[in-house]
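*Asks:* below are the sequence and a predicted model; questions follow.
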Amino acid sequence: MEKEQPQGFLFDSIAFYSEESVENMINNLDKKTIYYVLTQALAYAHTKNVFSLTESEIISKSLRILNKEIYSYDDTTGQNTSNVENN
């Protein structure tokens, strides 16, 4: 059985298999997906030299701060915890 091949990639990293799957993603965005899509979009833009060095530094720092707030690590339990609620 052959594995289905993606129709394309959003931001060179998020595979999609049909236009309907893109519409489904758009219509069902949750906070984790939004964060992931924005991160991928910014990384893609950076590879295309869209941002200056200063802009890249600010974006990078902003993402690190958000990442700490959204995905934290609990030293007492050794578990990753998520502060993002869906919708």
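*Replies:* All right, it came through fine. Residues are numbered from 1 along each chain as shown.

*Asks:* from here on, just use CA atoms for contacts and neighbour counts.
*Replies:* Fine.

*Asks:* burial count for the nearest residue in space to residue 51 that is not next to it in sequence?
*Replies:* Closest residue to residue 51 apart from its sequence neighbours, by C-alpha to C-alpha, 6 or more residues apart in numbering: residue 45 at 7.3 Å. For residue 45, the count of nearby residues is 14 (other C-alpha atoms under 10 Å).

*Asks:* mind listing what's buried along the strand or helix carrying residue 45?
*Replies:* Using DSSP states H and E, residue 45 sits in helix 31-47. The neighbour-count check on helix 31-47 (16 or more other C-alpha atoms under 10 Å) flags 32, 35, 37, 39, 40, 41, 42, 43, 44, 46 as buried.

*Asks:* what sits against the fourth one?
*Replies:* What that stands for is residue 39. By C-alpha atoms under 8 Å, 6 or more residues apart in numbering, the residues touching residue 39 are residue 63.

*Asks:* quick one: it from residue 7, how far?
*Replies:* 22 Å (C-alpha to C-alpha, to the nearest Å).

*Asks:* got it, and residue 17?
*Replies:* For residue 17, the distance to residue 7 - C-alpha to C-alpha - is 5 Å.

*Asks:* so residue 45 makes contact with residue 52?
*Replies:* No - using C-alpha atoms under 8 Å, residue 45 is not in contact with residue 52; the gap is 10.9 Å.

*Asks:* please, where are all the helices along the protein?
*Replies:* Counting by DSSP state H, the chain has these helices, from start to end: 19-27, 31-47, 53-70.

*Asks:* can I get the second one in CSV, CA atoms only?
*Replies:* Output in CSV follows, covering the C-alpha atoms of helix 31-47 (Å, rounded to 0.1, in the frame of the first residue of the first chain):
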residue,chain,number,x,y,z
LYS,A,31,-4.2,27.8,20.3
LYS,A,32,-1.5,25.1,19.9
THR,A,33,-2.0,25.0,16.1
ILE,A,34,-2.0,28.8,15.9
TYR,A,35,1.3,28.9,17.7
TYR,A,36,2.8,26.2,15.5
VAL,A,37,1.6,27.8,12.3
LEU,A,38,2.9,31.2,13.3
THR,A,39,6.3,29.7,14.3
GLN,A,40,6.6,27.9,11.0
ALA,A,41,5.6,31.0,9.0
LEU,A,42,8.2,33.1,10.8
ALA,A,43,10.9,30.5,10.4
TYR,A,44,10.0,30.3,6.7
ALA,A,45,10.1,34.1,6.3
HIS,A,46,13.4,34.2,8.0
THR,A,47,14.9,31.7,5.5
